[in-house]
Structures are given as structure tokens and as C-alpha cells.
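[1] Coordinates only, no sequence provided:
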């Protein structure tokens, strides 16, 4: 639902106050076009905002949303592939979707989040029979065990709240969406067993329905810090922004950093790289989603910066350079006291082994490695299908093309 926030303010049905329903993907299986948390809004007149599958199931979702608005209750719809009925509504890619449809009446708590388009926010919705929603205004600092609203949503049983904290807080703090299932309090084993209770005859009990929560969290854009005002940095800026990063270019040399070709960065900073990174970390503007790309290719900048970066909890740290530069860099970091296990996190040479040569191609190589790093574990396994990281292979970094008349200076 939160993915619609940037567009809802200009959507005519919402602006005019029409009754609407929101359909959200809360479960997936197999190959699906869109991830969990993707939403589509449907107005009482059948107008839509957003898409769930690119066309496979939208018609059926609209009909279900209109029915939900007529009867006023939420519903859960499932869509899959049917080989028996070619005309059945489903996904031709063979995947499965579970879509939760919720009518939004005037004053619904969910509507309050759309006034917070520039602020971190999150929703915790209960999908089972209990229903209800909690709006979280500060997802990073939210603590499930201390939340009265969450206790009202799931019950105040300590075991339930403890399980909720373990599953809900990582989703909130990571800016992600996910489904959380909790054992109902009646299904938990009470730690207090009295002799009177033991003396009671055994009784037949039905398994209680689990508490099902769907969590959506929206944080400010993750940061990409690009160090090095050169051709490669200029190509990486728009590539990082295309992935949704807030991109900062930093270089200690004002004459380089202040070129007009870097004006498209969200921030341009003239400072020593390691000093800037440390000051941002001290100010709390660096988190576990932050990506650091070191393109300076100069030991006097690279080594202090890498020492600082490898001490932080960052999503990705990559450094440009030849294999010889990488070996010299590793030796210098070890001499400076960097633990060998920290060097395992360093992507150097930076990027996937795509045979990239030009700055634009290198930018694709770098962003592809960032995507692989934050994706499924299989992408991080050496020898897995696909393009490996340059750090995991040997040989020349760049393919030599016939039209090149000299060796590329970065090999």
C-alpha cells in the first residue's frame, strides 16, 4: 500500500473523496511479476491506480474490490495458473499470488499515512479474523515489546509480543514488506503449570488459527556514496538513482567535484573521503542499507576510506582498481590493522565480470553487483550460475576489444 503514496495525492478519485479499496500482494509463490507489498487502488467507479501483475489478474481484482466495497469487509483472494482451464484468471508465468483487499472508509487509520509522503512510515495490518491496523511513524526506532497499539492488535501475551518483535522489527527497520505468522496465545505453552492444572483430565483442543500480520515499511531512500569525481563516477550517479538510491558524490578536490557533469547528484561534497564518511556515520546518516563505491583509484584516499568503511555495518563496499592495486590495497589494510575477516566484505575489483570497458558499462557492472549482493543468497555463492563478481575470478578485468588501439588503463 505504501508504494502508492507518491501518486495518490494526484489521483482524482482519492482527491474527490470517492470510496476506495486497496488490493495488496501479501503472499507469492513461484515466478511472479511483482513482489509482496505491491498494491493497487480501486475506486467505487472502477478506476484503478497501480498494477499487481501487468494485466494477468487485474480485472478479477477490480471485481473483488468492488464487491468488498459493497459488503464492507476485507477479503483474501488467491490467483494461480490453471492448465485445465485456459480461460481461468491466473498468472501465465505459473506463479501464485495472494491478494488482500481492504475497503478504505473515511477515517480509516491507513489513510493517515498518505499525508506523510516525505516521512518514514509503516503499517502493520492483521489479516486474519481479528483485523485491525497499527500505523508506525518511526519504523527504525519502533519496539514491539513497548507498543501498546501492537499489544491491542495481537494481544498482550508475552510470548506473542516476543515473537512479533523478532519478526516485525527487522522488516520495519529494513524498509521491507513481509508476512508474519504468530502462534495464537492459546497455542502457546504457558510457563506456569500448577498441580491443580496437572490434576485436570486431558481435554480435546482445536488448534487455534495463527495471527497473521502483513508489514509494510517505507524509509527514506537508501544512500549510495560515490567517492571519485571522474568519468566512472559521472556514469554511476544516474545508475544509482535509477535503482532508487539517494546519491552523494564526494571528492577532496574542489576543481574536480564542482564540474557541471556532477550536478545531477543529490549531494556533491568536497571533503576528504574518510573524514566525510566518518562524520556522516557519527551523525546517524549511515545505515545498514548504505552502499559505498570507491572510484578514486588513489591510495592516499582509498586506504583511509576503506579502513573507515570496513568498520561500519554497510550493505556494500566496493573499490575500483586493477588486481595488482587490489593486492597492494589488501596488504596496506592488513598492515593498518584491518581484520582479515573484514576484507571478505570488500568487493575489489568492483563490479560483476561482464566484460565492461566504458564508464557506462562499468556503472552497469557495479549496480548489477549491488543488486546481486542484496538479493538471494544464491547470487553470493561463487560458481553459481550467472556472472560472477570480479573479486571471485582471475584474469583481465576488462575484455580487450578489437577497436581499442591500446590497453585499457584500468586492467
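    Received the coordinates, thanks. What you see is a predicted model; the values in this text were computed from it and never measured. Numbers count the residues shown, from 1 in each chain.
[2] which residues of this structure fall in helices?
    5-8, 12-15, 58-71, 148-154, 158-174, 195-199, 231-242, 254-257, 273-282, 299-309, 323-335, 340-343, 359-374 (DSSP state H).
[3] so can I have JSON lines of the ones you listed showing distance to residue 391?
    To be clear about C-beta, it is placed using only N, CA and C from the backbone, and glycine gets the same treatment. Shown next, in JSON lines, are these (distance: least, C-beta to C-beta, whole Å):
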{"stretch": "helix 5-8", "distance to residue 391": "36"}
{"stretch": "helix 12-15", "distance to residue 391": "48"}
{"stretch": "helix 58-71", "distance to residue 391": "43"}
{"stretch": "helix 148-154", "distance to residue 391": "42"}
{"stretch": "helix 158-174", "distance to residue 391": "25"}
{"stretch": "helix 195-199", "distance to residue 391": "59"}
{"stretch": "helix 231-242", "distance to residue 391": "17"}
{"stretch": "helix 254-257", "distance to residue 391": "27"}
{"stretch": "helix 273-282", "distance to residue 391": "21"}
{"stretch": "helix 299-309", "distance to residue 391": "14"}
{"stretch": "helix 323-335", "distance to residue 391": "8"}
{"stretch": "helix 340-343", "distance to residue 391": "10"}
{"stretch": "helix 359-374", "distance to residue 391": "9"}
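[4] Make JSON lines out of these and add distance to residue 46, mean pLDDT and mean neighbour count.
    What follows is the helices of the chain, written out as JSON lines (distance: least, C-beta to C-beta, whole Å; pLDDT from 0 to 100; neighbours: other C-beta atoms under 10 Å):
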{"stretch": "helix 5-8", "distance to residue 46": "17", "mean pLDDT": "76", "mean neighbour count": "16"}
{"stretch": "helix 12-15", "distance to residue 46": "10", "mean pLDDT": "82", "mean neighbour count": "15"}
{"stretch": "helix 58-71", "distance to residue 46": "6", "mean pLDDT": "91", "mean neighbour count": "17"}
{"stretch": "helix 148-154", "distance to residue 46": "32", "mean pLDDT": "92", "mean neighbour count": "17"}
{"stretch": "helix 158-174", "distance to residue 46": "32", "mean pLDDT": "91", "mean neighbour count": "18"}
{"stretch": "helix 195-199", "distance to residue 46": "56", "mean pLDDT": "51", "mean neighbour count": "7"}
{"stretch": "helix 231-242", "distance to residue 46": "33", "mean pLDDT": "97", "mean neighbour count": "20"}
{"stretch": "helix 254-257", "distance to residue 46": "52", "mean pLDDT": "94", "mean neighbour count": "13"}
{"stretch": "helix 273-282", "distance to residue 46": "48", "mean pLDDT": "97", "mean neighbour count": "18"}
{"stretch": "helix 299-309", "distance to residue 46": "51", "mean pLDDT": "94", "mean neighbour count": "20"}
{"stretch": "helix 323-335", "distance to residue 46": "58", "mean pLDDT": "91", "mean neighbour count": "15"}
{"stretch": "helix 340-343", "distance to residue 46": "56", "mean pLDDT": "92", "mean neighbour count": "12"}
{"stretch": "helix 359-374", "distance to residue 46": "36", "mean pLDDT": "94", "mean neighbour count": "20"}
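[5] between those, which one is nearest to residue 135?
    Among the helices of the chain, helix 148-154 comes nearest to residue 135, with 8.1 Å by C-beta to C-beta.
[6] which strands and helices sit next to that closest one?
    strand 121-126, strand 133-136, helix 158-174, strand 211-218 (3 or more C-beta pairs under 8 Å, 6 or more residues apart in numbering; DSSP states H and E).
[7] Pairing partners for the shortest one, with directions?
    Read that as strand 133-136. strand 121-126 (antiparallel) (DSSP bridges).
[8] can you tell me the average pLDDT over the strand it pairs with?
    For strand 121-126, mean pLDDT is 91.
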